[in-house]
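Trainee: sequence and predicted structure below; questions after.
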Amino acid sequence: MKKLLLITLPAIALNLHAAEPARPVRTGYVEISIHDLPEGSTQNLGRAVREYIRKLDAANGDRTKIERPRYNAKAAETLVAYPKEHVYEVENAQMERTLDKSRILNDYSSLMVKPVDLDATSACQLLGTVANGMYNRKTSQYAGFVRIFNCPDGDVLTWDTTFYGMRKIVIREQKNVDINGIRGIMHGFRDSNGNSHTSLSWVSNDIDHQVQKTGVDAATREWLLQYARELVSKERD
């Protein structure tokens, strides 16, 4: 089974106690191409990406200083690029549905990025918002937040974070949806116990956005796209 590669360092999902980095780390969003990687990289894609990023850091971000592989990687694209309808068979596809009630926020002053109310979730019950990501001691704020909604047609989990203390690396060829001119990655996940959800991720306004919804059907994918397009539109207002 081929696995989706989406590298985010450090991991942020429901990371409620992340402290400020002990030392400076390279942060931000980095997009690379499968064509940047040596032949055979798909056999261990994570390692190949980390090695490329190490070289990129050593070159201070100057990609021209990194020797580009001289081979046709078109065949490799088929090993990493899947349509938005693709469903991965995984061991556990159950979404997180609970939050520590003692950590639910009553106001959002402790967040670097603030939640936005959307029509897409107007019919849903917000179960809570909790701080997430790295904590900045200077501003007394967390990099982002996690929210869980109970919706009539399936639960929704969202997390939105700045790139403070975090680096996200994405392979361009894995992007498979359009969100108001921004490319994102969508895939479904299903396990043998009947659990399933669809995930959509993208970066806009220098914020890493991820949203999951139970289900893997066309209606679920369309709901996620509408959610993302509404959020991007509000960011641009």
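Mentor: It's in.

Trainee: quickly find the element holding Y227.
Mentor: Following DSSP states H and E, one finds Y227 within helix 218-236.

Trainee: which residues does H209 contact?
Mentor: Remark: with contacts taken as CB atoms under 8 Å, 6 or more residues apart in numbering, H209 is in contact with T158, W159, D160, S201, W202, V203, A228, L231. Heads up, the C-betas are built off the backbone N, CA and C, glycines and all.

Trainee: correction: the previous question concerned D119.
Mentor: E230.

Trainee: tell me the two of the contacts of H209 that are most distant?
Mentor: Greatest spacing in those, by CB to CB: T158 and V203 (14.4 Å).

Trainee: who has more neighbours, those two?
Mentor: Comparing T158 with V203 by other CB atoms under 10 Å, the one with more neighbours is T158, at 21 against 18.

Trainee: quick check: that one touching V146?
Mentor: Yes. Between T158 and V146 a contact is recorded at 7.1 Å, counting by CB atoms under 8 Å.

Trainee: does anything pack onto the helix holding Y227? Which helices or strands?
Mentor: strand 177-179, strand 182-190, strand 196-204, strand 207-214 (3 or more CB pairs under 8 Å, 6 or more residues apart in numbering; DSSP states H and E).

Trainee: how about exporting the second one as CSV, limited to the C-alpha atoms?
Mentor: Put plainly, it is strand 182-190. Only the C-alpha atoms of strand 182-190 are listed here, as CSV (Å, rounded to 0.1, in the frame of the first residue of the first chain):
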residue,chain,number,x,y,z
ILE,A,182,-5.0,27.7,-3.9
ARG,A,183,-4.0,24.0,-4.3
GLY,A,184,-4.8,21.6,-1.5
ILE,A,185,-4.6,17.9,-0.7
MET,A,186,-7.6,15.7,-0.1
HIS,A,187,-7.8,12.0,0.6
GLY,A,188,-10.1,9.6,2.4
PHE,A,189,-9.2,7.1,5.1
ARG,A,190,-11.1,3.9,6.0
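
Trainee: so what strands line up beside it?
Mentor: strand 87-89 (parallel), strand 177-179 (antiparallel), strand 196-204 (antiparallel) (DSSP bridges).

Trainee: what's it in contact with?
Mentor: Defining contact as CB under 8 Å, 6+ apart, one finds that strand 182-190 is touched by 4, 6, 82, 84-90, 93, 170, 172, 174-178, 196-204, 216, 220-221, 224-225, 228, 232.

Trainee: and N60, that one's in a strand?
Mentor: No. Read with DSSP: H, G, I helix; E, B strand; the rest coil, N60 is coil and lies in no strand.

Trainee: got the phi/psi numbers for it?
Mentor: phi 50, psi 40 (degrees, to the nearest 10).
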